[in-house]
Structure formats: C-alpha cells, structure tokens
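Visitor: Fold the following and give me the result.
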Amino acid sequence: MSIAHKAEVLILGAGISGLAAAQSLTRRGVRVLLLEARDRIGGRIHDPEEGITLGASFVHGVVGNPMKRLCDRLGLLDGGVVGFPDGSRLFQEDEEQVEQAVFRTLFEDAPLRADRSVSAPLSTAFEHPDCPLNRDVKSSNRPIGHAIANAFVRGWTGGEPVQVGLRWWGWEDGYAEGGDAVVVRGYAEVVQWMKGQIERAGGEFRLGERVEKVELVAAEGSEAHVSVSTSSNTYTAPHALVTLPLGVLQHVTLPREFTDSPAFFSPPLPPRRIASLAALSHGLLNKVVLRYPRAWWNPTSAMWIHLVEGKTAYNVLSLLPIKNDPTLIFFLGAIIESMSDVEAAQWAHRIVRDSLGAEGSVEPEKVWVTRWKSDEFSRGSYVYLPVGDAESEGGSPLDLREIGQPLWDGRLGFAGEATSVDNYASVHGAYLSGLREAERILTLRECFY
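Guide: Numbering: from 1, shown residues only. This next block holds a predicted model:
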C-alpha cells in the first residue's frame, strides 16, 4: 500500500545516527519520517531497565566528546568519569603493572609497529619481545596478561586479535583523551530525549516498518525521488538516509548463495561500494548480565573484574561501585549465541564462583542475555578493520569513507558508526555521522531546491 506522506526526508533506522540526523533536520524545519523495523527505537542502544545496558554503555574519550556534553546535560554521568583500568586485584601485587602493560601495548606500542605496506593481525603486536606486555611483565604473569589483552581486544573491536588488522590500528584521530565514562543510567534516556525533541519539531516515527527495497524513481516530466518499500507500505520523499548497521547492509547487498531475493537497492550499489562493504568486518560484542540479591564477591570495590578460565580471560563490569547495584556484566563474543538464557546464566555464574570463590555465593535473581549476531536487525555490534589474506588487503579507512558516500546525485545518503572514519565503533561516531548527513542534505536543499 502506498502512503501519501509529506516527508522531505525518509530516515531508515531510528538508532542514534538516525535520531541525530532527524533532530538536526527538524530543528531547521525539514519534515522527517523515521522508519524503524523494531518495535522500539535506539537500535544497538537497548536498556531494558535503568542502568542495564545491553548495547552501548560508555562515552569513550570524554574530552570534547559530544556524547559527554549531551549526557552531562541530561545528568546521566552523575558527574563521574571512570578511567580504565580499575581492576579486581585477582593476582595481587602485580595486577596494576600487568594492566598498564596491556594498555601501553595496545595503544602506545602497537600503533608504532603498524606497517602500512603489510597486512598482519593485531596479535603479532603482542608477540614482539620488546612490547611492554613481554618486556615489563615478569614471565609468571605474562599468560594472564596476554589473556586480558585478548579479552580487551574482543570488547574494543568485536573481533579476535588474529582477525583484527594491525595495519591501520590506532591511526584514527578521534576522541582519545580524558578517560572513559560509564553512562550510569543508560543511553536510553538520551534516545528518549532526542525522540521528544524530534516529535515536538514535527518529526514522525513509524515502528515495525521493515524496509525491503529502496529505489530511485525518475519518471519523465517529474522530479526524481526515492521510494522506500516496507513489509506493509511504500513511502516516497526527495531524500532518504540509510542508517542500517553494517551487518544488515552486508546481508542485503553482498552476493549470497541460494537466494532469489530481489535487489535491495535499485539501481544497485556500484562495484566500489560493494567491494568496501565486503572488505569490512562487523564485530560482535555480547553481554550476560547477572543481577544478584546481594554482593557476595570480594573485593566489592572493583569496577572491572578479570575472570580467568584456562587461557581465556573475561572482562566483567561491576555496577556495585558505580550505582550500588549488585550486578555483574560479562563482555563476550559469539560463545553466548548458541546458549539458552538458562545455559548462559549457569555458565557465567559458574565462572564467577570458580574465580572469586563459592563461599557465601548466591544465585542471580535476574539475568539478561544478548545475541546481537542472531538479531536480524543488527547482525553484529560494530565495525572493525580486518586483517587481509591472499585475496584481499583487508579493510582500510578508505572503505569506511566509501560506504558513507551519498549516491543518486545526493538523494540517497548513508550514516552510522561504520561510516565515521575517525570515530567508528562508537556512539559518538554514529551521532556525528547523523549530523554530517543532516548538514549535507541541508546544503543540497539550499543549492537546488
């Protein structure tokens, strides 16, 4: 069914990038309609309860960060900046030394070892004998140091160290100063505030609208426009902005075997765009959240707890010192995708008990489990630049730039964290990409309409 709507811009997706674009456009009097496939807005920001962040949780690099300013405006950080690392003292007197060596290896040493002419995995930076992790840590602590480094890379990129490319590691010029901050009450309050701002300025939302086709329509004698077909309706407007996650874009555009699905974009994306989409990887960060009736572990003052099982470390965030909430949040990868909620809860609780001691332990009273890879509206968490192979040089900053370029004489735009060259894989990167596209559309309107 075709719906007559006076929108001047259709925005596909109501995550933070779509909301940022809509807020900027509606402030300037542009009529905007946001089409969202889910029954909620926010995308990969999802807080089922205040402070229970199943998606985005942090402001990374608070100095000058637009999300820091916005969160401060709404009182979401409670004035607190939480620096990394702040560990659990699990291996006593040497832990701070090990943690500092991990961070220096990742963020100071590894970028210096990046060879722009060679595609190598990030893991090779940990193997160099002169890296801080090997040079400054005594041999008995190196295995746990390497395990923590691997866990941190999984959380930071959503990929394994052997999958992430060293070639462009640390090249970006984003917000890196001032430490990181936990959004104490969760990003959902930011999302709802932005929604209110958009609606008060005349913007509209349609939930449950799964986009199936985006088409440039240029009938003879009339001005070209973009037609967006969903599972139930068809909408048209002079401009459309696609804010779908990288994993979804890859799913609907890259060639797949045994599929007769019609083309998502018509005309189809150009070969260079397809090549860049294929060159990038959509990482995966899942969470298991265990809320206990009381804090039974020790020490209760640690915000970050490193739990180790064999050669694998798991980074766990404790909400106890942050908001007096006896809740532990595991940061994980694909291991959770195939587990039921009950299995995931039992697995995570067992690791906590085995690592911190079973004495006085209690069962969690509530559990949340994410499966972002299985979620058809995300298909992963955020972009990373993968290592190359015999057939490819791996992902590069040019691929990030390419997938954010407009098409169809500027009528079709793209936003999202994967299009943010200097701030990819972050909330502020997504937010800034939405503002970027709003300004581009406004400039086009001023010049041609």
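Visitor: Next up, the contacts around the nearest residue to residue 431 once chain neighbours are set aside.
Guide: Spatial nearest neighbour of residue 431, excluding adjacent residues (Cβ to Cβ, 6 or more residues apart in numbering): residue 20 at 4.7 Å. In this view, the C-beta of every residue, glycine as well, is placed from N, C-alpha and C. Shown in contact with residue 20 (Cβ atoms under 8 Å, 6 or more residues apart in numbering): 194, 415, 430-435, 438.
Visitor: tell me the secondary structure for residue 228?
Guide: Three-state call for residue 228 (DSSP: H, G, I helix; E, B strand; the rest coil): strand.
Visitor: if we can go back for a sec, let me have the contacts of residue 20 in TSV, adding neighbour count as columns.
Guide: Shown next, in TSV, are those (neighbours: other Cβ atoms under 10 Å):
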residue	neighbour count
194	23
415	31
430	31
431	27
432	25
433	29
434	29
435	17
438	26
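Visitor: Of these, which is the nearest to residue 360?
Guide: Residue 360 has its nearest neighbour among the contacts of residue 20 in residue 430, at 41.9 Å by Cβ to Cβ.
Visitor: so that closest one makes contact with residue 19?
Guide: No - contact criterion Cβ atoms under 8 Å: residue 430 and residue 19 do not qualify, at 9.3 Å.
Visitor: Spatially central, which residue of this protein would that be?
Guide: With distances taken as Cα atoms, centre = their mean, residue 382 lies nearest the centre of the chain, 3.9 Å away.
Visitor: any chance of the contacts of residue 20 in TSV, plus secondary structure, distance to residue 206 and pLDDT?
Guide: Output for those, formatted as TSV (DSSP: H, G, I helix; E, B strand; the rest coil; distance: Cβ to Cβ, whole Å; pLDDT from 0 to 100):
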residue	secondary structure	distance to residue 206	pLDDT
194	helix	17	97
415	coil	18	98
430	helix	21	98
431	helix	22	98
432	helix	25	97
433	helix	22	98
434	helix	18	98
435	helix	23	98
438	helix	19	98
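Visitor: Nearest to residue 24 among these?
Guide: residue 438 (3.6 Å).
Visitor: Tell me who's in contact with that closest one.
Guide: When contacts are counted by Cβ under 8 Å, 6+ apart, residue 438 touches 20-22, 24-25.
Visitor: Kindly report the same for residue 107.
Guide: By Cβ under 8 Å, 6+ apart, the residues touching residue 107 are residue 170.
Visitor: my read is it is in a helix, agree?
Guide: Yes - judged by three-state DSSP, residue 107 forms part of a helix.
Visitor: quick one: it and residue 100, what's the gap?
Guide: Per Cβ to Cβ, to the nearest Å, residue 107 is found 11 Å from residue 100.
Visitor: Residue 208 now?
Guide: Distance, residue 208 to residue 100, using Cβ to Cβ: 48 Å.
Visitor: where in the stretch 1-150 of the chain is pLDDT low?
Guide: The stretch 1-150 of the chain contains residues with pLDDT under 70 at 1-5, 78-94.
Visitor: The closest residue to the residue nearest to the centre of the chain other than its chain neighbours: neighbouring residues, count only.
Guide: Excluding its sequence neighbours, the residue lying closest to residue 382 (Cβ to Cβ, 6+ apart) is residue 425, at 4.0 Å. Neighbourhood size, residue 425 [other Cβ atoms under 10 Å]: 22.
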